[in-house]
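*Asks:* Quick one, fold the following:
(one chain, ligands or ions: 2)
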Amino acid sequence: MEPIIVKRSNHNVSRKNISSAAVKVLYRLKDEGYTAYLAGGGVRDLLLQRNPKDFDVATDATPDQIKKMFRNCRLVGRRFRLAHILFRGEVIETSTFRAPVPEDESAYCENTYATGDTGMVMRDNIFGTPEQDALRRDFTINALFYNIADFSVIDYAGGLEDLEKKVIRVIGDPDKRFAEDPVRMIRAARFAGTLGFEIERTAYDSICHNKDLLAHAAPSRMYEEVQKLFFCGHAKEVFQWLEKPDLLHPMFHDFSHWIDEDRSRHTWVIHTLEQMDRWRKAELRVHPALLFALIFGEYHEYLIERNLAAGQSPHDAVRDAVHGHLKGICDNVRIPKTVIYKISDIMGNQERFHKTKGRRPQRFTQNRNFLDAFLYFKFSSKAHNRNLELLDFWSDLRKGKQKQPTGLQKKNTPDTANQ
Ligand code: ATP
Ligand code: MG
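*Replies:* Ligands and ions are numbered 1, 2, ... in the order given. Okay, here's the model as predicted:
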């Protein structure tokens, strides 16, 4: 298929807006005689006049050839080998054009393709043409290239038209593409929410009837993608796109059932996501443990109360509630153990905010887990309009502490943003 090629004079992608590291990689590849394209989300975001999060490069140079060209290069990936070219503070992911998944079972062989029972691609490692590489990407708007040789934009999949129309359209048959990689369903929700686009009708319908396939996605990849959902700066809109086709159930089964029992529980989650978006806008770093502690906070509080009512000690009530719930989620979304322990800490530390006598409060503020626990306390106090005097007490104590030249105070923590 002939691609649509848009000349430099007819589009707005400028080298000025591409990171100098990515421009260096593109030029080096081109100067060595290879095809070198900026690819994926970077091109999409530049065309939309948004700031790309990262820049990916696609080329016909093989991973070994790329490695020889760049001293600062590391080859990564078991499933598909690609090059990470390291610059100060930036990694340019550079991959060789990929071939499509073959239709024909006989084409599957060791080290190339293998598919699981659900049609999911387990392993792939063969190279292809630029067209094949474009068409194996997830959505048309993610399949655009910017060619460093003549500064043109190359469109094999109709992505330019879909950018105009503001639609997320799957490349190829949505049922098949979602079966190959179910994570694409939550990516669709992320792009729709972040960009303010609609999900094209057949893709949306396909998500509705394929959502249970999410249970087959690799839990570690799900964890990566789930973090992107909530850290993208448009978490609230993304969440609405997850709720519409009911993608939450296959990801967070017990939690979403619990929300369904009483829709007022929804409010907490929405407020959490608004808070995440405010922090993100202020460019503040939030640990994933605080993110998950907040999202599941009201549910965990409910489980803790239930355990206490059943006679458990405060310590056991928290541990059983948090670990019990999150361990279950890990079958679908593998939240690392360290993060689960930190969430448990945040919840377990909440009762310490009720003890304001003596030296205890001072000592607590010096605990390295204090800040995340405090941010949770602050958020939950405001959300439930409770403990407001206690909140003043701890806020004052913190402010007093900030004046001390101890060097303990981190810069750019969410605590310093307006909430
Ligand atoms: P972001 O702005 O979040 O970085 P992105 O589109 O760049 O969005 P990445 O996860 O960085 O998303 O992936 C880079 C590119 O790789 C995508 O634009 C898309 O072309 C391709 N891609 C990523 N994940 C998949 C997938 N699951 N299936 C097919 N193609 C994918
Ligand atoms: Mg990207």
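*Asks:* going forward, measure contacts and count neighbours with C-alpha atoms only.
*Replies:* Noted.
*Asks:* what's around the residue of the stretch 201-350 of the chain found nearest ligand 2, how many residues?
*Replies:* Proximity of the stretch 201-350 of the chain to ligand 2 (Cα to the ion) peaks at K228, 10.6 Å away. K228 has 15 neighbouring residues, counting by other Cα atoms under 10 Å.
*Asks:* for R50, same thing?
*Replies:* Neighbour number of R50 under other Cα under 10 Å is 13.
*Asks:* Equivalent analysis for the one 5 residues further on, please.
*Replies:* Counted with other Cα under 10 Å, the neighbours of F55 add up to 21.
*Asks:* so it makes contact with S95?
*Replies:* No: between F55 and S95 there is no contact under Cα atoms under 8 Å: 11.6 Å.
*Asks:* if we can go back for a sec, what's the nearest residue to the residue of the stretch 201-350 of the chain closest to ligand 2 if we skip its chain neighbours?
*Replies:* Among residues not flanking K228 along the chain, R190 sits closest, at 8.0 Å (Cα to Cα, 6 or more residues apart in numbering).
*Asks:* helices and strands around the helix or strand hosting that neighbour, which ones?
*Replies:* Using DSSP states H and E, R190 sits in helix 183-195. Counting contacts by 3 or more Cα pairs under 8 Å, 6 or more residues apart in numbering; DSSP states H and E, helix 183-195 packs against strand 167-168, helix 174-180, strand 198-199, helix 219-231, helix 235-243.
*Asks:* And the contacts of the longest one?
*Replies:* When you say that, I think you mean helix 219-231. Outside helix 219-231, the residues within contact range by Cα atoms under 8 Å, 6 or more residues apart in numbering are 183, 186-187, 190, 235, 238-239, 273, 276-277, 280, 288, 291, 330-335.
*Asks:* As a markdown table, the helices and strands packed on helix 183-195 with mean pLDDT would be great.
*Replies:* Shown next, in a markdown table, are these (pLDDT from 0 to 100):
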| stretch | mean pLDDT |
| --- | --- |
| strand 167-168 | 98 |
| helix 174-180 | 96 |
| strand 198-199 | 98 |
| helix 219-231 | 94 |
| helix 235-243 | 95 |
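*Asks:* and these, which is most packed in?
*Replies:* Among these, ranked by average contacts under mean count of other Cα atoms under 10 Å, first place goes to strand 167-168 (a mean of 25).
*Asks:* How far does that one sit from its chain's centre?
*Replies:* From the chain centre to the centre of strand 167-168 is a distance of 19 Å (Cα atoms, centre = their mean, to the nearest Å).
*Asks:* mind listing what it pairs with, with the direction of each?
*Replies:* Take DSSP bridges as the rule and strand 167-168 pairs in its sheet with strand 198-199 (parallel).
*Asks:* The strand it pairs with: what's the following helix or strand?
*Replies:* According to DSSP H and E, the helix or strand after strand 198-199 is helix 201-210.
*Asks:* What helices and strands are in contact with that next one?
*Replies:* helix 174-180.
*Asks:* What are the boundaries of the strands in the stretch 251-400 of the chain?
*Replies:* Applying DSSP state E, counting those that start in this stretch to the stretch 251-400 of the chain gives no strands.
*Asks:* To what extent is the nearest residue to L326 once chain neighbours are set aside buried, counted in neighbours?
*Replies:* If the residues on either side of it in the chain are set aside, L326 comes closest to I340, at 7.0 Å by Cα to Cα, 6+ apart. Number of residues near I340 (other Cα under 10 Å) recorded here: 19.
*Asks:* Quick one: name the residues of this structure near ligand 2.
*Replies:* Within the chain, the positions adjacent to ligand 2 are G41, D54 by Cα under 5 Å from the ion.
*Asks:* Tell me how the chain divides into domains.
*Replies:* 1-165, 166-251, 274-417 (automatic domain parsing).
*Asks:* May I see these arranged in TSV, with distance to D262 as well?
*Replies:* Listed next are the domains of the chain as TSV, based on distance: least, Cα to Cα, whole Å:
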stretch	distance to D262
domain 1-165	34
domain 166-251	15
domain 274-417	12
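*Asks:* Which of those sits closest to E261?
*Replies:* Proximity to E261 (Cα to Cα) singles out domain 274-417 among the domains of the chain, at 11.8 Å.
*Asks:* report the angle between the axes of the helix holding R190 and helix 235-243?
*Replies:* Orientation check (axes from the mean of the first three to the mean of the last three Cα atoms, to 10 degrees): helix 183-195 against helix 235-243 gives 140 degrees.
*Asks:* now for the helices and strands packed on helix 183-195, which one comes closest to ligand 1?
*Replies:* helix 219-231 (7.0 Å; Cα to the nearest ligand atom).
*Asks:* does any part of that closest one sit near ligand 1?
*Replies:* No: between helix 219-231 and ligand 1, judged by Cα under 6 Å from any ligand atom, nothing touches; the nearest distance is 7.0 Å.
*Asks:* Convert that helix to CSV, retaining C-alpha atoms only.
*Replies:* Extracted C-alpha coordinates of helix 219-231, given in CSV (Å, rounded to 0.1, in the frame of the first residue of the first chain):
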residue,chain,number,x,y,z
PRO,A,219,0.4,-9.1,35.1
SER,A,220,3.8,-7.2,35.0
ARG,A,221,2.8,-5.4,31.8
MET,A,222,-0.6,-4.6,33.3
TYR,A,223,1.1,-3.0,36.3
GLU,A,224,3.1,-0.8,33.9
GLU,A,225,0.1,0.2,31.9
VAL,A,226,-2.1,0.7,35.0
GLN,A,227,0.4,3.2,36.4
LYS,A,228,0.3,5.1,33.1
LEU,A,229,-3.5,5.2,33.3
PHE,A,230,-3.4,7.0,36.6
PHE,A,231,-0.2,9.1,36.2
